[in-house]
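A.B. asks: Starting from these lines, generate the structure:
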Amino acid sequence: MATIPTLANPHSTDSIACQLLDLPIPSTLDLFELTDCCCAFVNVLLETHDKAERLALCGRLAFTLDELKNRCDADLPPHLVERLSTGLPAQSCIPDCWQDTAMLVGYAQALNQALLSQTLASAVSQELAGLLHDLVYLLADFIREPYLQH
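C.D. replies: I've put the predicted structure just below:
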């Protein structure tokens, strides 16, 4: 399960969304850290009903998903390879037909873009936000799945 980035000042009177939106997304984040950021954004997105905050969260999520997609085909740093390498085959959380990380990120980007368009009925927007949440968590779990080292 993905972890949620720690807020700088959890006792602040600012909303969690505002605190999360103020957190930097450095270019040095690894794949796991980027998925943690995505998970944090979709968690707060589900709980936020303020239209401006939802739009800002979707914007930050769009940036983070772009970063994630750009790194999907890059070689993993040794510390992540070590964490993912195993001698035992693992049952994937994703069906075989979805075993492409870039494709899953693309699906998440499309859902996020639909939310950013602000052209959907409120109920549809909320349902798509829930679907986006679940997809991002599946993606985070999939990225962290151990694999057989050849």
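A.B. asks: Where does the most centrally placed residue in the chain sit, in terms of helix or strand?
C.D. replies: The residue at the geometric middle of the chain, judged as the C-alpha nearest the mean C-alpha position with CA atoms, centre = their mean, is Cys38 (2.6 Å). If you go by DSSP states H and E, Cys38 is part of helix 31-47.
A.B. asks: After that helix, which helix or strand is next?
C.D. replies: Per DSSP H and E, helix 31-47 leads on to helix 51-71 as the next helix or strand towards the C-terminus.
A.B. asks: wouldn't the residue nearest to the centre of the chain be in contact with Leu135 here?
C.D. replies: No: counting by CB atoms under 8 Å, Cys38 does not reach Leu135; the two are 9.8 Å apart. The way it works is simple: take the backbone N, C-alpha and C, and place the C-beta from them, glycine included.
A.B. asks: shared neighbours, those two?
C.D. replies: Residues touching both Cys38 and Leu135 by CB atoms under 8 Å, 6 or more residues apart in numbering: Ala108.
A.B. asks: Report how many residues lie close to His133.
C.D. replies: Using other CB atoms under 10 Å as the criterion, His133 is surrounded by 19 other residues.
A.B. asks: Neighbours of Asp66, how many?
C.D. replies: The burial metric for Asp66, expressed as a neighbour count using other CB under 10 Å, is 12.
A.B. asks: Quick check: pLDDT value at it.
C.D. replies: The predicted local distance difference test score for Asp66 is 95.
A.B. asks: And it, how close does it get to Leu34?
C.D. replies: Asp66 sits 10 Å away from Leu34, going by CB to CB, to the nearest Å.
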